[in-house]
Structures are given as C-alpha cells and as structure tokens.
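My questions are about this predicted structure, shown below with the sequence.
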2 protein chains.
Amino acid sequence: MPLARLSKQAGKDLIASVTAVLFDCDGVIWHPQGPIDGAAQLLESLRNMGKKVIFVTNNNTKSITQLGEKFKKFGIKAEEDEIFGTARVAAVYLKHVLKCDKKTYLIGSQGIAEELHNVGIESTPVGPCILPGENSEEIAKRVDLRIDKDIGAVLVGFDEHISFQKIAFAMTHLKNPETHFIATNTDGQFPMGDGTYIPGTGVMVKAVMTASERDPIIMGKPEQPMLDAIRAIHDIEPSRTLMVGDRLDTDIAFGRRWGMKTLAVLSGVASLEQLEKVQSEDKEH
Amino acid sequence: MPLARLSKQAGKDLIASVTAVLFDCDGVIWHPQGPIDGAAQLLESLRNMGKKVIFVTNNNTKSITQLGEKFKKFGIKAEEDEIFGTARVAAVYLKHVLKCDKKTYLIGSQGIAEELHNVGIESTPVGPCILPGENSEEIAKRVDLRIDKDIGAVLVGFDEHISFQKIAFAMTHLKNPETHFIATNTDGQFPMGDGTYIPGTGVMVKAVMTASERDPIIMGKPEQPMLDAIRAIHDIEPSRTLMVGDRLDTDIAFGRRWGMKTLAVLSGVASLEQLEKVQSEDKEH
C-alpha cells in the first residue's frame, strides 16, 4: 500500500477493514509529559466497534505490571495480556526459546530484572560507576575481566547508567560464542515530546555490538520475537490487522514486514518530511 | 599483493623495496605493559639502513608531546614530527581544513583538549556523571538540552567516562546540520596485551552516530585525513612505503587503500585465523 495522508473517509474505511489494531505507546498513546490528547477516546471507540486493541511497545524499562500501572494512571483501559513490552519478551525468549537458565548479565533497568526474576532467571547486579579521574589503564586493572562461568547470556536494554565498565564486562563475556547476546530493541532516539530527544536503547546496543563484534538477537519491533509473543496469546490475522506507530524503522517496518496495514502518526519521532521521503522512494522502486 | 607468511629472505626483500616504513604503535611497538620485545632494535636497524621511520597511531588520548614522552620512557628514538596521532590530526583538521574556530564539544580526553588548545580552539569541559539512581526522565530534566550556540563541532574520541548525558548533549547539538561531526577513529577494541580487550574509541563513536543519525568525518587510519597529515610533512611515495600494523580494518586497510605495501603482525589484535580468513577471501575474489 503506498503512503497516503488519511482523509476522514479513508480512516473509516481503514478501520472497517481490520479486526485488530496494534498501537505503539511512546509518541502514540503517551509522551513523557502525559497521555496524548484523544488517545483514550479513540481506543474506547475502537473497543466499542468490537476491534481487538493491543499495545506493542519497544519500551524495555518497565515490566508488564509497571506498564499496566502507567495505563491506569493515564486513565486508559488496558488488560495485562493486551500489553507487550520488550522486557517481558526478552525474559520469555531467554527462558522458553533459548532454554537458557544460566545467569544473565544485564545492561538495563529494574523492569527487565523483574521480568527475568518472574521466569526464574537470575541477573547480575549492575556494576559500580567509573571513578572520576580514573584513566583506561586504571579502569582495566580494576574491572574484573575474568569470565564469570555462571553467565549464559548478555541482555542489553535501555540504561541511563551505561558505562565503559559495563561495556567492557559485556564484551569480555561475549568472547565466548556460547554466550547468548540479546537486545530488547534498537530505537536510537527517545522523543521527550517537546521536540527534544534523548539517546534510545539502540545507542547502548550499538556500543556493545561494536565492542564485541557480535550481532544480538533483537526482541522488539520490527523483529519476529515480538510477533511470536503476540501470537502466543492473541489469534490475529496480519492482513486484517493495523499497526499504528510513530517510527518508520520499528513500527511501520514491523507492520510492513509481517503483512499488516500500517498507519504512521506525527505525534512522535517521524516528521512529515521523512514520510514524504519514504513515499518518493517507494515510487522510485 | 596476496597475504603470505614472511620468510627471512622475503622480509629482507620487502624492506629493500621501500624507502619508508609506517608503524602502528599499540600492539606493534608497545603494549600497555611496556615496549614489545625487539621493536627498538628493529627500528634502529631500519634507520641505519636509511629508511624513513614514521609512527602512525589511531591513539587519540595523547597529544604529540605526550606520545613523544612515551617513546622516550620506552627507550625508543622518535622525533615529534615523525609521530602522528589522531588527537593532533583532529585539531589540525578542524582548524585548517574545516576552518572552524567555534567551540568544540569534546567526548574524549585531556590529550585532545591539549591539541585543540594548541591550535586555538576552545573545548567544553566534560560534563558531570549521571547520579546513581536517577532515571531517564530525571536525567533529561537535569541535562540541559538547549543548544549552546557557541559550539561549532562535536569531536568524539576515546572516553572512559562516556555517559548517557554526554551522548545526549552531543546528539542535541548534532541536530543542527551546520555543526561539524568529527571522530578520531573507529577501532572497536583495545588490546590489553594479555589476551584481554577493553572497548575502543569506535564504541563511543557508534553510540553518538546511533543517537544523532549522523556519520562523522573520521581522522584516523584507514581514512584520508591521516594520510594528508603525514604528507603535509613527509614526502612519502606510497608504492615505496610499507605499513606495519596489527589491525586489518585500520592498519592494513590504510596501507591497501592508499597503495602501500602492508605487513600484519600478530602481537596485537589480529589473529592468524583472521589473517587466513582474509587470505581465503582474497583467493575467492
């Protein structure tokens, strides 16, 4: 389907053609400042029309329970089994797909540690910061670069305390080809909702990829583990599913790759300029 | 020239065929623990044979003066104009090629700040660490994401104090397409000389690239600014020059790209296995 700006009638037709609508959250349902105007009403209308509503976020800092609390706080109805976040997907993937019961070295946040704990996987505590004024040789002496044989996986998510030391510890363990390397998602930027951005999880993931010279298995949109996680619970038919998102490289790519209809909104990362660029590239090929 | 393991006679023939020998330093001349056995004698022999000896390092943490002191400490003769490091190359490039006199936001170390100062460019002081326990929303509130209009360039080198905050500050300034983006080099790993590795400058560079969605101009091997810097001082003829290094993607790529002879040593990053892999790929193409 070529990109087109949606008229009111085209919007109605699009909704009529699907049975399920998948929504990204950051930049679509909410901004850091609060819910996006009209989101709650739109979701309620869709539910009243009998559409299945599912929330699919690459957010990895919150457990499903914590995401559920956020919906509640913002006055938006969402059952826990309608919410898919990459912290939960990563934990389930490690446990049930890779069958890895060993300790996980986690570059990430408490939300992921909680989901790992929920499936019975122990994660290592986060290391201390580099001391101010220390140089690389001093750090290397102090950072213990010996392999902890109990670690079976390195999992990278969003970590605002990313450090040289954490990257060094991860790369050292990834020298062992049997150590699994999982990343929750690769979004490079996180929109603050006021036109500014902060670094996204992709920044931490690329840092570890570069140091280790390894590619991770990626859990989030547009990759398959997220789709598998949704389909393990919900019987969705991609051709009758609409994916709504604000990022071309994750949300819209996810919908397109797996045969869904897609709708890009301008409330988050993507600009109209970017969309028009993609549209003209579509025409060229 | 196909890859070949060097016999004693082939080594003599190779040296006889060149007038200048370019040496990488880390993993070739020295390790963090000290000079590599036999390096000083080899260099002295080359000088006695009338060969020009030049040191070409992607190291960016030391100014040329600091690198000169390191050679002296290790008992290896080296004049300052024979030493090329990416801290100096970056400062000269900003000043004389880009003609950028504005402030530089530096993710890097004191050695680069010193070289910037030497050419009259002010660099911003390094920001404070993220406070333990702070989450991304608190950090974003505290990190001043407003543009400092005096900043004309972002320069990324090796920084063992790399932080979320520094990456956020860099990406915010790189939103302005007029802000120059320079990286000293992209080596992803730094060998400690005992079989272990720590993250290299490429890790910090990839982090800022991912956050900013911009590609930097790279100063070090295998890129052109390093070659231009050497040729501004030394009259070398690439076909009669030998590049000796331990990294395929920087040292050997540098020599090959600019028409030099190349010699890979196994005292640093590259393993015999990697070299044989490259050799078999060479045969396939």
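That came through, no problem.

May I have the predicted confidence score for A:N176?
Per-residue pLDDT puts A:N176 at 93.

quick one: it is in a helix?
No - applying DSSP: H, G, I helix; E, B strand; the rest coil, one finds A:N176 to be coil, outside a helix.

What is the neighbour count of it?
Residues within reach of A:N176, counting by other Cβ atoms under 10 Å in any protein chain shown, total 12. (C-beta placed from N, C-alpha, C; glycine too.)

residues touching the nearest residue to it once chain neighbours are set aside, list them.
Excluding its sequence neighbours, the residue lying closest to A:N176 (Cβ to Cβ, 6 or more residues apart in numbering or on different chains) is A:I147, at 6.6 Å. Going by Cβ atoms under 8 Å, 6 or more residues apart in numbering or on different chains, A:I147 touches A:T172, A:H173, A:K175, A:N176.

now A:L106
Residues counted as contacts of A:L106 (Cβ under 8 Å, 6+ apart) are A:I112, A:A113, A:L116, A:S123, A:T124, A:V126, A:L155, A:G157.

Please identify which pair of those residues lies farthest apart.
A:T124 and A:G157 (13.9 Å; Cβ to Cβ).

can you map out the strands along the stretch 151-285 of chain A?
Using DSSP state E, counting those that start in this stretch, the strands found in the stretch 151-285 of chain A span residues A:151-156, A:180-183, A:189-191, A:197-199, A:217-218, A:241-245, A:261-264.

ranking these by mean pLDDT, which is last?
In terms of mean pLDDT, the lowest-scoring of the strands of the stretch 151-285 of chain A is strand A:189-191 (a mean of 85).

Mind listing residues that contact that strand?
Here strand A:189-191 makes contact (Cβ under 8 Å, 6+ apart) with A:26-27, A:31, A:158, A:197-200, A:202, A:246, A:268-269, B:136, B:171, B:211, B:213.

What's the PyMOL syntax to select whichever of the residues you listed are buried?
Those of the contacts of strand A:189-191 that count as buried under 16 or more other Cβ atoms under 10 Å in any protein chain shown are selected in PyMOL with:
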select buried, (chain A and resi 26+27+31+158+197+198+199+200+202+246+268+269) or (chain B and resi 136+171+211)
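
can you tell me how far A:V18 sits from chain B?
Plainly put, A:V18 is 32 Å away from chain B if you go by Cβ to the nearest Cβ, to the nearest Å.

Nearest spatial neighbour of that residue, chain-adjacent residues omitted?
Counting by Cβ to Cβ, 6+ apart, the residue nearest A:V18 is A:L242, at 4.5 Å.

Quickly note the distance from A:T104 to chain B.
20 Å.

Could you report the neighbour count for that residue?
A:T104: 25 neighbours (other Cβ under 10 Å).

residue contacts, it?
Going by Cβ under 8 Å, 6+ apart, A:T104 touches A:L94, A:L116, A:I121, A:E122, A:S123, A:T124, A:I151, A:G152, A:A153, A:V154, A:L155.

Go through these and single out the one with the most neighbours.
A:L155 (28 neighbours).

Redo the contacts of A:I147 as a markdown table? Include distance to B:A87.
Supplementary listing: the contacts of A:I147 in a markdown table, determined by distance: Cβ to Cβ, whole Å:
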| residue | distance to B:A87 |
| --- | --- |
| A:T172 | 27 |
| A:H173 | 31 |
| A:K175 | 29 |
| A:N176 | 34 |
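
any idea which of those has the most stuff around it?
Busiest of the contacts of A:I147 [other Cβ under 10 Å] is A:T172, holding 24 neighbours.

I figured that residue hits B:M192, correct?
No - using Cβ atoms under 8 Å, A:T172 is not in contact with B:M192; the gap is 10.6 Å.

Quick check: pLDDT value at A:F84.
97.

Pretty sure it sits in a helix.
No - assessed with three-state DSSP, A:F84 is strand; it does not lie in a helix.
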